[in-house]
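Colleague: the following block contains a protein sequence and its predicted model.
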Amino acid sequence: MEMTFARVGWAAGVLSATALCTAAMATELEVTHWWTSGGEAAAVAEFAKAFDAGGDTWVDGAIAGSGGVARPVIVSRILGGDPMGATQLNHGRQAEELVEAGLMLDLTDVAEAEGWRDIVNPVSLLDSCTVDGKIYCVPVNIHSWQWMWLSRKAYEEAGVDVPTNWDEFVAAAPALEEKGIVPLAMGQQAWQTAGAFSVLNVGLGGEELWKKVNVEKDADAAAGPEMARIFEAFGNARSLAAGSTVQDWNQATNMVITGKAGGQIMGDWAQGEFSLAGSKAGVDYECLPGLGIKEVISTGGDAFYFPKQDDAEIEAAQKRMASMMLSREVQVAFNLAKGSLPVRGDIDLSAANDCMKKGLEILAKGNILISGDQVLSADTQGQVEDLMVEFWNDTSITPADAQARYASIIADAD
Ligand code: GAL
């Protein structure tokens, strides 16, 4: 089509206006998170790329260490009047005091304009962002703790079949130990041991027992015989991880990737490490949802919150970021890199690997369990984590001792 001079002039005018608008809109946002492993960094890069492509600038504020290290830093900065533009937290109750203090940006206008309640699946994730009917975070993924990862190489070297459930895993442990392979890889941070405990609790005790203790906060159930069996199994798991001396979760995952350990109980963020190492699900490693006993997905995961700042330009950029994180293309790119399940059901995930597909199938069946982050306060979570890591590292503490202390934590849980 021949462009007349007038049309060319008009087009140039539009382009320069767009450029000016983009330039005017271009806003830097500092984003804090604790995603520092290889797989996590690859996933963050997808968010940063998409935000920058929209004309703004993602200023990365990664905080090394786990969520247990990062969250106090994030909260104290917000409370101390030095807010970041956006921050990762786990969706659930971690930000409830910040929201109640009026320090977090209300995203309800964006959520309603874009129909988040019709998009986010399960919608319970959005409920976890909602306080007094207003929405204060954008859920970005579903990360389930309810997984175990197994190294095919380790079991081939030990001459035994790859376990298909917890009992087979325990039975195969001696064959691994004979070959100098650590049966269970575990890092030394409290959230890791507490997470493994929750997976044994759900896998061996069932969802109803887990809910009785964590949702109903029934201290008698916590002190009861069914939970005694879970603590016994946790004591056994402790002995199977005696040779695991690494600190960080992804170092423990690397033990499975390299065949130095038979398995790891860890959330599906471990997938990001496998894929970055070029390991293939079903070829190099196997995944057991629900310890291979009852397939379930717990709806843990991550959301982004936006501390309020008296600056209309920053607020507009914060809302652009929230919208970008829930967009179809970013949900695919980010979650494939992160190894998590997306928070929307209307996207194409044919590129997902076998383990992610297992997770999507379980989600589609509705075998969903609410996560501890969504039902326990950060304070109660912290007390449970401290107990579990102390038990894990002090073999003089018996399962019965640990259970008695656990029951008293649940008695006071909020
Ligand atoms: C979790 C978070 C995941 C994962 C993990 C380990 O709290 O939801 O995204 O990164 O920490 O860092």
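Modeller: Structure's in. What do you need?

Colleague: show me what contacts the closest residue to V343 other than its chain neighbours?
Modeller: Nearest residue to V343 in three dimensions, chain neighbours excluded: P139, at 4.6 Å (CB to CB, 6 or more residues apart in numbering). Backbone N, C-alpha and C define where each C-beta goes, glycine included. Contacts for P139 (CB atoms under 8 Å, 6 or more residues apart in numbering) come out as H91, V120, L125, L126, S128, C129, G301, D302, A303, L326, V343.

Colleague: can you give me the strands in this protein?
Modeller: Assigned by DSSP state E, the chain shows strands spanning 28-33, 57-62, 86-90, 130-131, 134-135, 137-139, 147-151, 182-185, 261-265, 285-289, 297-298, 302-305, 368-369.

Colleague: give me the neighbour count for the residue lying closest to N393 once chain neighbours are set aside.
Modeller: Ranked by CB to CB, 6+ apart and with sequence neighbours excluded, the top spatial neighbour of N393 is Q188, at 7.3 Å. By the criterion of other CB atoms under 10 Å, Q188 has 17 neighbours.

Colleague: show the contacting residues for Q188.
Modeller: Neighbours of Q188 in contact, by CB under 8 Å, 6+ apart: T245, V246, Q247, V389, N393.

Colleague: okay, the last one: pLDDT?
Modeller: Going back to what we said before, that points to N393. The model reports N393 with a pLDDT of 96.

Colleague: from V182, how far out is it?
Modeller: Distance, N393 to V182, by CB to CB, to the nearest Å: 16 Å.

Colleague: for stretch 321-336, the distance to its chain's centre please.
Modeller: Distance, stretch centre to chain centre, for stretch 321-336: 16 Å (CA atoms, centre = their mean, to the nearest Å).

Colleague: what of stretch 197-217?
Modeller: 19 Å.

Colleague: what is the mean pLDDT for it?
Modeller: pLDDT averaged over stretch 197-217 gives 97.

Colleague: and I142, how far is that from D268?
Modeller: From I142 over to D268 the distance is 9 Å, taken as CB to CB.

Colleague: what do these two both touch?
Modeller: Contacts common to I142 and D268, judged by CB under 8 Å, 6+ apart, are S340, L341, G359.

Colleague: contacts only, for the second one.
Modeller: Counting by CB under 8 Å, 6+ apart, L341 makes contact with N141, I142, H143, S144, D268, I297, N335, M356, G359, L360, L363.

Colleague: what are the phi and psi angles of the fourth one?
Modeller: Taking degrees, to the nearest 10, you get phi -100, psi 130 for the backbone angles of S144.

Colleague: give me the number of residues near it?
Modeller: 25.

Colleague: surely it meets T299?
Modeller: Yes: counting by CB atoms under 8 Å, S144 touches T299, with 7.3 Å between them.

Colleague: who touches both of the two?
Modeller: S371.

Colleague: coming back round to it: how about the contacts of L341 in a markdown table, adding pLDDT and distance to A219?
Modeller: Shown next, in a markdown table, are these (pLDDT from 0 to 100; distance: CB to CB, whole Å):
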| residue | pLDDT | distance to A219 |
| --- | --- | --- |
| N141 | 96 | 33 |
| I142 | 94 | 30 |
| H143 | 94 | 28 |
| S144 | 94 | 26 |
| D268 | 95 | 31 |
| I297 | 93 | 27 |
| N335 | 95 | 37 |
| M356 | 92 | 37 |
| G359 | 94 | 33 |
| L360 | 92 | 36 |
| L363 | 91 | 32 |
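
Colleague: okay, the strands of the chain in CSV with distance to Q251 next?
Modeller: Below are those laid out as CSV (distance: least, CB to CB, whole Å):
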stretch, distance to Q251
strand 28-33, 19
strand 57-62, 17
strand 86-90, 21
strand 130-131, 37
strand 134-135, 37
strand 137-139, 28
strand 147-151, 14
strand 182-185, 8
strand 261-265, 10
strand 285-289, 16
strand 297-298, 23
strand 302-305, 21
strand 368-369, 28
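
Colleague: in the sheet, who's paired with the residue nearest to V343?
Modeller: Counting by DSSP bridges, P139 is bridged to A303.

Colleague: how much space between it and A352?
Modeller: For P139, the distance to A352 - CB to CB - is 19 Å.

Colleague: next one: A26
Modeller: The spacing between A26 and A352, counted by CB to CB, is 34 Å.

Colleague: please identify which of the two sits among more neighbours.
Modeller: A352 (20 against 14).

Colleague: ok, now how distant is that one from the ligand?
Modeller: Applying CB to the nearest ligand atom, to the nearest Å, the value for A352 to the ligand is 17 Å.

Colleague: before we move on, what about G80?
Modeller: Counting by CB to the nearest ligand atom, the gap from G80 to the ligand is 23 Å.

Colleague: count of neighbours near I74?
Modeller: 25.

Colleague: I'd assumed I63 was in contact with it.
Modeller: Yes: counting by CB under 8 Å, I74 does reach I63; the two are 7.4 Å apart.

Colleague: show me what contacts the residue nearest to W145 when sequence neighbours are not counted?
Modeller: The shortest distance from W145 to any non-neighbouring residue, by CB to CB, 6+ apart, is to G267 (4.6 Å). Neighbour list for G267: H143, S144, W145, W147, G195, G300 [criterion: CB under 8 Å, 6+ apart].

Colleague: in the stretch 101-250 of the chain, which residue sits nearest the ligand?
Modeller: At 4.7 Å from the ligand, H143 is the closest residue in the stretch 101-250 of the chain, using CB to the nearest ligand atom.

Colleague: circling back: just put the contacts of P139 in CSV and tack on neighbour count, pLDDT and distance to the ligand.
Modeller: As requested, these are arranged in CSV below (neighbours: other CB atoms under 10 Å; pLDDT from 0 to 100; distance: CB to the nearest ligand atom, whole Å):
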residue, neighbour count, pLDDT, distance to the ligand
H91, 31, 87, 9
V120, 22, 96, 16
L125, 25, 92, 12
L126, 21, 94, 17
S128, 26, 92, 13
C129, 24, 95, 15
G301, 27, 92, 6
D302, 27, 97, 5
A303, 26, 98, 9
L326, 21, 98, 16
V343, 28, 95, 13
